[in-house]
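# build me a model:
(one chain, ligands or ions: 2)
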Amino acid sequence: MLNLKDPSLLRQQAFIAGVWTDADDGKTLDVTNPATGETLGTVPLCSAAETERAIAAADVAQRAWAKVPAKERGAVLRKLFDLMLANADDLALILTSEQGKPLAEARGEIIYAASFIEWFAEEARRIYGDVIPAPQGDRRILAIKQPVGTTAAITPWNFPTAMLTRKAGPALAAGCSMVVKPASQTPYSALAFAVLAERAGVPKGLLSVLTGSASQIGGEMTRNPLVRKLTFTGSTEVGRTLMRQSADTIKKLSLELGGNAPFIVFDDADLDAAVEGAMISKFRNTGQTCVCANRLYVQRGVLKAFSDKLVARVKALKVGNGLDAGITQGPLIDAKAVAKIEEHIADARAKGGEVLTGGKPHALGGLFFEPTVVSGATSEMLVAVEETFGPLAPLFPFDTEAEVIALANDTEFGLAAYFYSRDLGRAMRVSEQLEAGMVGVNTGLISTAEAPFGGVKQSGLGREGSKYGLEEFLEVKYVCLAGLAE
Ligand SMILES: NC(=O)C1=CN([C@@H]2O[C@H](COP(=O)(O)OP(=O)(O)OC[C@H]3O[C@@H](n4cnc5c(N)ncnc54)[C@H](OP(=O)(O)O)[C@@H]3O)[C@@H](O)[C@H]2O)C=CC1
Ligand SMILES: O=C(O)[C@H](O)CS(=O)(=O)O
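Ligands and ions are numbered 1, 2, ... in the order given. Down below sits the predicted model:
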């Protein structure tokens, strides 16, 4: 098992209605380390029955929690934030072991994840309503904000802690309860979070974490009328399924789905800054983030210089087990992910692309893959229309601003977009025309708790983080106070 300072953070049971428990039928599923293939342990294979119990308990706990003054709710979240920081080393070790990212990145995720708890601990006390001037003198119009109620969350494997706190933080701050299903590949991070939430004083039943059957647990979450909101981060395909399943009970939805981010380098860019931005945007988490640069468009006049600089940096990446010192690229999450990047590279080659570095599974074997740069990419390639979700940087040449904006927007996705230019007019023109929920100008790293994270088109619904993230867990109630005349 893992060499943790606090071994009690590694839980092999689900957390249901404040009780650590096995699945009703005792069944379990294995959790493996993607770097080594070794089994780390097991977690319960929960189904609909356990989920129903968790939802029922969440509904009772939420009604009490909504009555707790906002300042007290914020204090519990602040304590949880402090506990996350105090246990950051253990949380990072758990994360790297089940997800694969280098330990330094895992620790960065824990700090990032904790920042959502800190942010919403503060925001809890700023849930303001309105008093609106009424058209008649004997009445007053109030718009008050109230918690949505019992909520459910389904989270992905690529940021198993941050995607959880980006949902649980605003939910608890708003006075809601939450039943969570983490990805089956990375359940331990969510269960460790539940340990700390319990220690921070999150009331019994307010937060549950169920591991196991996605379709069974998700099916109960979307079917059960007590669940008033579902928040999901993952693929667009599963997002569509959940949206359909939620329609019968008209649930509020937050969907953070797939992306296909363009990364544009204009010929007036600071090329060294652009290469730096491309490296962080493309290769963070071994290219397994929804906001990764998926298509790199480089204006023809700087293509050779940018390409040479980028290839030199990519060649310097260190592939290996994220627990080993100096490693900057971990394994992909599973064999399906390896097959996808191989398919994208083979397709690019078949359509005229040239591999400048990488291009095949790493000599380490298993789920390790060589960080890859392909030149001569075109709109006819799979890399232009599908999210690779791996360490592949395809370079697309372009000539004019109008041309590249049309190319960048030619996708059903619209999560993140990036461009480098030192022209102020271009910075505003291009930012306003790119069809994305988030635009990075002269930066490849935009995610932070203070900012609204989310997409347009088929990249999702709603925003997470910032003050907007809290609104996702609130309802506006109109109160008309009449008969006030003397
Ligand atoms: N916009 C964003 O912020 C993000 C988007 N993504 C996108 O997700 C994809 C990769 O992540 P990945 O985790 O594989 O995505 P998936 O959509 O396959 O899985 C995400 C979560 O959904 C669960 N799930 C899968 N099928 C169902 C179902 N039928 N009912 C209920 N829950 C279900 C999974 O459970 P289980 O593990 O048990 O199968 C997991 O917890 C990429 O397209 C990426 O762009 C990923 C992260 C962030
Ligand atoms: O799941 C993801 O890809 C995250 O949203 C990426 S980020 O929030 O760390 O940018």
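# what does the protein put close to ligand 2?
156, 158, 159, 162, 163, 233, 289, 290, 291, 447 (C-beta under 6 Å from any ligand atom). Just so you know, the C-beta spots here come from the backbone N, C-alpha and C atoms, and that holds for glycine as well.
# so which of the residues you listed sit within strands?
Taking DSSP state E, the ones among the residues of the chain next to ligand 2 that sit in strands are residue 233.
# out of the residues of the chain next to ligand 2, which touch ligand 1?
156, 158, 233, 290.
# any regions of this structure where pLDDT drops low?
Along the chain, segments meeting pLDDT under 70 are nowhere present.
# residue nearest the centroid of it?
In the chain, the residue lying closest to the centroid (C-alpha atoms, centre = their mean) is residue 163, at 4.3 Å.
# that one touches residue 169, doesn't it?
No. When contacts are counted by C-beta atoms under 8 Å, residue 163 is not listed as touching residue 169 (11.1 Å).
# so who does residue 418 touch?
261-264, 277, 281, 293, 439-441, 443-444, 446 (C-beta atoms under 8 Å, 6 or more residues apart in numbering).
# for residue 193, see how far away it is.
30 Å (C-beta to C-beta, to the nearest Å).
# same deal with residue 403?
From residue 403 to residue 193 the distance is 46 Å (C-beta to C-beta).
# those two: which is more packed in?
residue 193 (31 against 12; other C-beta atoms under 10 Å).
# excluding its backbone neighbours, what's nearest that one?
Spatial nearest neighbour of residue 193, chain neighbours left out: residue 164 (5.8 Å); criterion: C-beta to C-beta, 6 or more residues apart in numbering.
# residue 29 too?
residue 45 (5.0 Å).
# give me the number of residues near that neighbour?
21.
# give the contact list for it.
23, 25, 27, 28, 29, 211, 212, 213.
# the strand or helix carrying residue 339 and ligand 1, any residue contact?
Residue 339 belongs to helix 335-350 when assigned by DSSP states H and E. No. Residues of helix 335-350 contacting ligand 1 under C-beta under 6 Å from any ligand atom: none, with a closest distance of 8.2 Å.
# circling back: ok, the residue nearest to the centre of the chain - contacts?
155, 156, 233, 256.
# want to throw the residues you listed into TSV with distance to residue 63 and neighbour count?
Below are the contacts of residue 163 laid out as TSV (distance: C-beta to C-beta, whole Å; neighbours: other C-beta atoms under 10 Å):
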residue	distance to residue 63	neighbour count
155	25	29
156	30	22
233	27	26
256	28	28
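# just the closest of these to residue 318, please.
residue 156 (25.2 Å; C-beta to C-beta).
# how many neighbours does the residue nearest to that closest one when sequence neighbours are not counted have?
Distances taken as C-beta to C-beta, 6+ apart put residue 234 closest to residue 156, at 4.5 Å, once the chain neighbours are dropped. Using other C-beta under 10 Å, residue 234 has 22 neighbouring residues.
# touching, residue 234 and residue 153? I think so.
No. Between residue 234 and residue 153 there is no contact under C-beta under 8 Å: 10.9 Å.
# strands along the stretch 51-200 of the chain, start to end?
Remark: strands assigned in the stretch 51-200 of the chain by DSSP state E, counting those that start in this stretch are 130-132, 140-147, 150-154, 177-181.
# tell me the most buried of those strands?
Most buried of these, by mean neighbour count (mean count of other C-beta atoms under 10 Å): strand 177-181, with a mean of 30.
# neighbours of residue 309, how many?
18.
# which non-adjacent residue is nearest it?
In space, residue 309 is closest to residue 275, 4.6 Å off (C-beta to C-beta, 6+ apart).
# quick one, what contacts that neighbour?
So residue 275 contacts 306, 309, 310, 313 (C-beta under 8 Å, 6+ apart).
# where does the last one land in three-state SS?
Reducing the assignment at residue 313 to three states with DSSP: H, G, I helix; E, B strand; the rest coil gives helix.
# show the contacting residues for it.
With C-beta under 8 Å, 6+ apart, residue 313 has these contacts: 275, 279.
# re earlier: now render the strands of the stretch 51-200 of the chain as CSV, adding distance to residue 301.
Below are those laid out as CSV (distance: least, C-beta to C-beta, whole Å):
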stretch, distance to residue 301
strand 130-132, 53
strand 140-147, 52
strand 150-154, 46
strand 177-181, 49
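# residue 76 is nearest to which of those strands?
Here strand 177-181 is closest among the strands of the stretch 51-200 of the chain (C-beta to C-beta), at 13.1 Å.
# please name every helix or strand in contact with the closest one.
Strand 177-181 is packed against helix 48-65, strand 150-154, helix 162-174, strand 207-209, helix 214-223, with contacts defined by 3 or more C-beta pairs under 8 Å, 6 or more residues apart in numbering; DSSP states H and E.
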